[in-house]
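[1] any chance you could fold what I've pasted below:
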Amino acid sequence: MTLKKILDGLERPYLGTRGMVMSTGGVVSAAHYLASKTGATILDNGGNFIDAAIATSAVLNVVEPYNSHLGGDAFMLIYSGSDDKLTALNSSGPAPAAASIQDFPEGVPVRGQLAVEVPGQVGAWGLLHREFATMPFSELLEPALRYARDGFPCNVRLSVAINSASSELRAMKPFSDAFMPNGRGPRPGEIFVQSDLARTLEILSNDGPGAFYSGRIAEMIASSFEEGEGLISEEDLAGYSPEILEPLHINYRGFDVFEQPPVSQGHILLEELNIIEGFPIENMKHNGSEAVHLMVEALKLSFADRYEFSGDPRCEQPFVDALISKGHAGSRRELIDAESASPSYPPGEMNRGDTTYFAIADGDGNAVSFIQSLFHGFGSGVVVPGTGILMNNRMTGFSLDPSSPNCLKGGKRTMHTLNTYMVFHEGSPLYIGGTPGGDKQVQTNLQVITGLLDWGLNPQEAAENPRWAWQGVLDLEMETGFPQDTYEELGSRGHRVNIIRSWGGSGSVQVIMVHPESGALIAGSDPRCDGCALGL
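    Next up, the predicted model:
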């Protein structure tokens, strides 16, 4: 793929659900329109890209509580144009220090306090504000505080999410008080108010993000867990801090692709791309069976390695450099049968989903690729009484097998599905992107990146393109929109194809392109969510 082919893709007539958003002053592309509006307003008022990111992140916690919240985690890639530096931030929390395998003889529960690890979301805000922001923290939380205090019109997705979870979570009184105050979830168009959350955001506005870990809010969290069955203590909260790390990197067909390092599974995307690089998919039919088959098989190989080798590098021997090497990809690629799907692959040899995403680029050459999550929808279902804070259930990501590198241990972080990427060309950002979707994140990101780099799709085309998702063994879920012969030929290769409605699959892709010649910002946003890209 040449840069010319990518630029030619911008000129190709495209009739999708919406046009590309183009700007020179800045672009915010998020999964909810109020979040995009907030970030764009911050930029327009003179804030920088990190000011906009903090404000956008906070608003998403309010308007998409089923996807992310103050009790969740966050990962991001941050590019500072002024000093030409790309940084990875891991703001995931560890298991409580008191946690051990023996606490879970019947497995880690999906709901309840035992499912909760130390939250990292607010820690990300604190570090970002200290290191990069220019505006007062209180001003950055003001939009989220206003939407929580005064309310906002409940959209269909939020209404469906609350009411779908009500049968399971209604019995948890703090949850029902927060999300079903009238005995039911809000209906579309009703104004949804979160008074307890507003008071918490006001405390953070006045006292700063540190109050979450060693102030009034920390005391309320620890007290509620002490009174219940949870393991999180004041010491766990006080000892938490995010990590600034070096991003992972590979070269794919002349483009530099950067990803999150472990405990993120970003290395899986890079391994997939390395395997695919050995096939001339750019010469294959876009959305055709040959290319889809090879990508699905590359994904299976990468996931086999994930299960065997992924864990917290602070506690386990890291294999990531080997996993993303070209030599390892070559040996894995040899296992693919171009004509037949494999139900499983062995791991390679070494020397021993809910979430939300947004991207922001400003007019000064800076960019952030930001993802945050509770893990499952509404996380653990635990709302800390009096705070409106919804807690994660990320403890369920651990293995209870003592031989697993992802085995549960106090103070250890579980492997995360969360990952974000940036693609550079000749040392400068070309694409900033990502998506939610649990294990489908690296599947969707693979399809978007190959669409952009191998077939020259524009950002909106890449976001709207029909998707496939491997569901395990030979099961392949595919949206309508692929050519009919693609479904039939994949079936003949042994894939068990399940066709679902158009845009019915997982993901909420947001992608921003930085035009390599003019510097213009060009964004696409996924019709599978309620978000949009806004420029200024």
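[2] can we go C-alpha only for contacts and neighbour counts from here?
    OK.
[3] for this protein, give me the ranges with low pLDDT.
    Across the chain, residues meeting the criterion (pLDDT under 70) sit at 1, 307, 310-318, 346-354.
[4] what's the domain layout of it?
    42-72+83-240+365-397, 247-354+419-535 (automatic domain parsing).
[5] nearest to L7, of the ones you listed?
    Using Cα to Cα as the measure, domain 247-354+419-535 is the one of the domains of the chain that comes nearest L7, at 7.7 Å.
[6] what are the ranges of the helices in the stretch 151-300 of the chain?
    Here the stretch 151-300 of the chain has its helices, by DSSP state H, counting those that start in this stretch, at 156-169, 173-179, 195-207, 211-214, 216-227, 234-238, 266-276, 289-309.
[7] which helices and strands does the fourth one pack with?
    So the one you mean is helix 211-214. Under the contact criterion of 3 or more Cα pairs under 8 Å, 6 or more residues apart in numbering; DSSP states H and E, helix 211-214 touches helix 195-207, helix 216-227, helix 234-238.
[8] and if you look at the last one?
    Contact here means 3+ Cα pairs under 8 Å, 6+ apart; on that basis helix 289-309 packs against helix 266-276, helix 484-492.
[9] could I get the buried residue list for the last one?
    Buried positions in helix 484-492, judged by neighbour count with 16 or more other Cα atoms under 10 Å: 486-487, 489-491.
[10] dump the domains of the chain to a markdown table, plus distance to K409.
    Converted to a markdown table, the domains of the chain look like this (distance: least, Cα to Cα, whole Å):
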| stretch | distance to K409 |
| --- | --- |
| domain 42-72+83-240+365-397 | 5 |
| domain 247-354+419-535 | 9 |
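[11] right, and these - which one's nearest N406?
    Of the domains of the chain, nearest to N406 by Cα to Cα is domain 247-354+419-535, at 4.5 Å.
[12] which one among the buried residues of helix 484-492 gets closest to A148?
    Among the buried residues of helix 484-492, and counting by Cα to Cα, the member closest to A148 is Y487, at 45.4 Å.
[13] how about TSV for the buried residues of helix 484-492, with distance to W125 added?
    Listed next are the buried residues of helix 484-492 as TSV, based on distance: Cα to Cα, whole Å:
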residue	distance to W125
T486	45
Y487	45
E489	48
L490	45
G491	47
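[14] so what secondary structure elements neighbour the one helix or strand L140 maps to?
    Secondary structure from DSSP states H and E places L140 in helix 137-150. Helix 137-150 sits against helix 49-63, helix 195-207, with contacts defined as 3+ Cα pairs under 8 Å, 6+ apart.
[15] pick the most buried one from those helices.
    Compared across the helices and strands packed on helix 137-150, helix 49-63 shows the largest average neighbour count, a mean of 28 (mean count of other Cα atoms under 10 Å).
[16] what does it rub up against?
    Identification of contacts with helix 49-63 by Cα atoms under 8 Å, 6 or more residues apart in numbering yields 32, 34-36, 38-40, 42-43, 67-70, 125, 128-129, 132-135, 140-141, 143-144, 147-148, 152, 158, 356, 360-362, 366-368, 370, 372.
[17] recalculate using a threshold of 6 Å.
    Here helix 49-63 makes contact (Cα atoms under 6 Å, 6 or more residues apart in numbering) with 35, 38-39, 42, 68-69, 125, 133, 140-141, 144, 362.
[18] and of the residues you listed, the nearest to F75?
    For the contacts of helix 49-63, the nearest to F75 is W125 (11.1 Å; Cα to Cα).
[19] any idea how far G535 lies from M513?
    Distance from G535 to M513, counting by Cα to Cα, to the nearest Å: 13 Å.
[20] in stretch 87-101, which residues are buried?
    87-97, 99, 101.
[21] make JSON lines out of those residues and add secondary structure and distance to D207.
    As requested, the buried residues of stretch 87-101 are arranged in JSON lines below (DSSP: H, G, I helix; E, B strand; the rest coil; distance: Cα to Cα, whole Å):
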{"residue": "T87", "secondary structure": "strand", "distance to D207": "27"}
{"residue": "A88", "secondary structure": "strand", "distance to D207": "27"}
{"residue": "L89", "secondary structure": "strand", "distance to D207": "23"}
{"residue": "N90", "secondary structure": "strand", "distance to D207": "24"}
{"residue": "S91", "secondary structure": "strand", "distance to D207": "20"}
{"residue": "S92", "secondary structure": "coil", "distance to D207": "22"}
{"residue": "G93", "secondary structure": "coil", "distance to D207": "22"}
{"residue": "P94", "secondary structure": "coil", "distance to D207": "24"}
{"residue": "A95", "secondary structure": "coil", "distance to D207": "26"}
{"residue": "P96", "secondary structure": "coil", "distance to D207": "25"}
{"residue": "A97", "secondary structure": "coil", "distance to D207": "26"}
{"residue": "A99", "secondary structure": "coil", "distance to D207": "30"}
{"residue": "I101", "secondary structure": "helix", "distance to D207": "37"}
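[22] which one of the residues you listed is nearest E272?
    A88 (20.3 Å).
[23] quick check: bridge partners of that closest one?
    Bridge pairing for A88 (DSSP bridges) gives the partners L77, L245.
[24] and W468, by the same measure?
    Note on W468: beta-bridge partners M478, judged by DSSP bridges.
[25] M478 is in contact with that one, correct?
    Yes: contact status for W468 versus M478: in contact at 4.3 Å, counting by Cα atoms under 6 Å.
[26] who has more neighbours, these two?
    Neighbour comparison, W468 and M478: the larger count goes to W468, with 25 against 22 (by other Cα atoms under 10 Å).
[27] one step back: out of the helices and strands packed on helix 137-150, which gets nearest to A74?
    helix 49-63 (9.4 Å).
[28] before we move on, back to that, filter the contacts of helix 49-63 to the buried ones?
    Among the contacts of helix 49-63, those classed as buried by 16+ other Cα under 10 Å are 35, 38-39, 42, 68-69, 125, 133, 140-141, 144, 362.
[29] want to throw those residues into TSV with distance to E202?
    Listed next are the buried ones among the contacts of helix 49-63 as TSV, based on distance: Cα to Cα, whole Å:
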residue	distance to E202
A35	19
T38	18
G39	19
I42	19
S68	19
H69	15
W125	15
A133	19
L140	12
L141	8
A144	10
D362	28
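[30] how many neighbouring residues does the nearest residue to G151 once chain neighbours are set aside have?
    Closest residue to G151 apart from its sequence neighbours, by Cα to Cα, 6 or more residues apart in numbering: V193 at 4.1 Å. V193 has 22 neighbours, counted by other Cα under 10 Å.
[31] and what of P516?
    The tally of other residues near P516 (other Cα under 10 Å) stands at 16.
[32] same question for G16.
    The number of residues packed near G16 is 12, by other Cα under 10 Å.
[33] how far away is M415 from F75?
    If you measure M415 against F75 using Cα to Cα, the figure is 12 Å.
[34] so for those two, which residue has more residues nearby?
    More neighbours surround F75 than the other of M415 and F75, with 28 against 25 (other Cα under 10 Å).
[35] in the stretch 351-500 of the chain, which spans are strands?
    With DSSP state E, counting those that start in this stretch, the ranges of strands along the stretch 351-500 of the chain come out as 355-362, 367-373, 383-384, 389-390, 421-425, 428-434, 468-472, 475-479, 496-500.
[36] those: which one's closest to P209?
    Nearest to P209, of all the strands of the stretch 351-500 of the chain, is strand 389-390, at 13.8 Å by Cα to Cα.
[37] pull the distance from the closest one to the chain's centre.
    Strand 389-390 sits 19 Å away from the centroid of its parent chain (Cα atoms, centre = their mean, to the nearest Å).
[38] ok, that strand: who's next to it in the sheet?
    Strand 389-390 has these partner strands in its sheet, going by DSSP bridges: strand 383-384 (antiparallel).
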